[in-house]
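K.L.:
Here is my input; please provide its structure:
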Amino acid sequence: MTPEDFAALLTPEGRALLDSLRDYDPAQELAVATRLRREHPAGLVSAALGQARLRQRAVAKFGAEDAFRMYFTSGGGEMATRASVASYRAQRLADLGVRSVADLCCGIGGDALALARLGIRVLAVDRDPLTCAVARANAEALGLADLIEVREADVTEVDTAGFDAVFIDPARRGGRGRVFDPESYSPPLSWAVEAARTAKWAAIKIAPGIPHEAVPEEAEAEWISDHGDVKEAVLWFGTAPGTVRATLLPGPRALHTTDPLPDPEAGPVGRWLYEPDGAVIRAHLVAEVAEQLGGRLIDPTIAYVTADELRATPYATAYEITDVLPFGLKKLKALLRERGVGILTVKKRGSAIEPEELRKKVKPQGPNAATVFLTRVAGAPSMLIGAPAEPPAIPPAAKPAH
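P.N.:
So this is what the prediction gives:
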């Protein structure tokens with residue numbers, strides 16, 4: 001999509017066409033396009049159909065109410081922060097007393113929108129003309145244009161001195177896909193850190209797989225998951241130096257420390273198995289969860305916690321284990337057939353077997369359900385069979401410290 005194509009979508013004709021495509025079926029695109037081209041320019045129809053598909057995909061990230069009013073580029077919606085995460089981060093900044101933010105590498109404006117909804121003034125900067133046009137249109141569409149200034153510029157040349165905080169979201173995709181080396185971000189992480197150090201408060205969005213040794217000493221490192229899926233990590237400056245934090249949404253619920261515990265001891269598999277949330281694992285806080293549960297690891301290299309007592313925790317999912325077996329497909333197939341298991345959930349950690357491959361080989365059949373964990377126990381390839389537990393009620397989330 002060119003800037004000219006996008007500009008056409010903002011005309012009354014373009015907006016009406018987009019509105020008419022809200023519920024269209026992409027499988028019928030050829031027929032829909034043929035019909036629409038009888039009444040509208042071919043270029044406008046192509047742009048509108050593309051935008052309609054992007055809006056439909058964005059519903060999962062932004063919710064239907066916003067997604068069908070917003071605009072997206074082909075990669076912008078995919079790279080944008082999920083609305084729930086952006087709202088959480090914006091609230092942290094607001095609770096710090098932040099009233100203005102320089103949002104560098106703003107993309108389509110997802111974070112800027114969340115900040116502006118809390119009354120925070122935002123300078124949203126990106127160097128791509130089309131991306132800036134989309135961010136500007138999103139601010140307008142959601143009634144936030146008075147609080148969001150979108151500027152087309154190189155973020156490395158922007159003066160952020162007049163802002164309470166700086167938020168930086170470096171591009172982590174290149175021509176060949178995802179970029180894993182922080183110095184290959186655009187701009188590099190080293191530049192972002194130096195820019196963050198000039199502000200009273202700052203946050204840098206990074207990939208959750210960042211090595212802990214790459215975290216600056218003066219930063220707080222936070223890993224965020226939403227409904228169990230790890231979405232991102234953030235380096236905070238001006239908050240809690242040296243803190244590592246796992247934050248779970250919705251909630252939020254936060255597990256944090258400045259002095260992580262040593263890895264817990266490994267021991268035999270007990271009646272209960274706990275699968276820590278991905279943010280807990282990324283933050284290296286499995287030992288803290290194990291201590292809360294009175295548990296131990298099943299293997300020194302595997303992030304499964306086992307215990308003999310069922311306790312409530314928001315930071316791990318509990319399973320009741322009925323069988324602990326050496327790995328063996330024939331034995332598993334026979335056991336599942338004997339118990340009439342046709343609904344099989346397969347989880348793996350420390351195993352080379354893929355879940356779909358295992359399902360094809362054991363061919364589960366029957367009315368019952370079970371969960372099998374392909375993992376290692378004391379270094380040996382093993383199968384743990386069980387089912388989700390019903391743990392005690394978890395107290396409501398307390399408001400996190402900021």
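K.L.:
in the protein, which ranges drop under the pLDDT threshold?
P.N.:
The chain contains residues with pLDDT under 70 at 174-177, 391-393, 395-402.
K.L.:
buried sites along the longest helix seen in it?
P.N.:
Scanning the chain for the longest helix, with DSSP state H as the assignment, gives helix 42-62. Judged by neighbour count using 16 or more other C-beta atoms under 10 Å, the buried positions of helix 42-62 are 44-56, 58, 61-62. For glycine as for every other residue, the C-beta is placed from the backbone atoms N, C-alpha and C.
K.L.:
and the gap between the closest residue to P241 other than its chain neighbours and R245?
P.N.:
Nearest in space to P241, with sequence neighbours left out and distances taken as C-beta to C-beta, 6 or more residues apart in numbering, is E218 at 4.7 Å. Relative to R245, E218 is positioned 15 Å away (C-beta to C-beta, to the nearest Å).
K.L.:
try R117
P.N.:
According to C-beta to C-beta, R117 and R245 sit 24 Å apart.
K.L.:
quick one: which of the two has more around it?
P.N.:
R245 (24 against 18; other C-beta atoms under 10 Å).
K.L.:
Tell me both backbone torsions, phi and psi, for the more buried one.
P.N.:
Note on R245: its backbone torsions stand at phi -140, psi 140 [degrees, to the nearest 10].
K.L.:
Mind listing the residues bridging to it?
P.N.:
E222, H256 (DSSP bridges).
K.L.:
list the contacts for it?
P.N.:
E220, A221, E222, W223, A254, L255, H256, A283 (C-beta atoms under 8 Å, 6 or more residues apart in numbering).
K.L.:
And the residues you listed, which is closest to P262?
P.N.:
A283 (15.2 Å; C-beta to C-beta).
K.L.:
Isn't that closest one up against A221?
P.N.:
Yes: contact criterion C-beta atoms under 8 Å: A283 and A221 qualify, at 7.3 Å.
K.L.:
if I look at those two, which residues touch both of them?
P.N.:
V244, R245.
K.L.:
Which one's more surrounded, these two?
P.N.:
Ranked by neighbour count (other C-beta under 10 Å), A283 and A221 place A283 first, with 29 against 24.
K.L.:
For S186, see how far away the more buried one is.
P.N.:
A283 is 26 Å from S186, by C-beta to C-beta.
K.L.:
send the alpha carbons of the longest helix of the chain over as CSV?
P.N.:
What follows is helix 42-62, C-alpha atoms only, in CSV (Å, rounded to 0.1, in the frame of the first residue of the first chain):
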residue,chain,number,x,y,z
ALA,A,42,-9.8,-0.7,-8.8
GLY,A,43,-6.9,0.7,-6.7
LEU,A,44,-9.3,1.9,-4.0
VAL,A,45,-11.0,-1.5,-3.9
SER,A,46,-7.7,-3.4,-3.6
ALA,A,47,-6.6,-1.0,-0.8
ALA,A,48,-9.9,-1.4,1.0
LEU,A,49,-9.9,-5.2,0.8
GLY,A,50,-6.4,-5.3,2.1
GLN,A,51,-7.3,-3.0,5.0
ALA,A,52,-10.4,-5.0,5.8
ARG,A,53,-8.3,-8.2,6.2
LEU,A,54,-5.9,-6.4,8.4
ARG,A,55,-8.7,-5.1,10.6
GLN,A,56,-10.1,-8.6,11.0
ARG,A,57,-6.8,-9.9,12.1
ALA,A,58,-6.3,-7.0,14.5
VAL,A,59,-9.4,-7.8,16.5
ALA,A,60,-7.5,-10.4,18.6
LYS,A,61,-5.0,-7.8,19.6
PHE,A,62,-7.1,-4.6,19.8
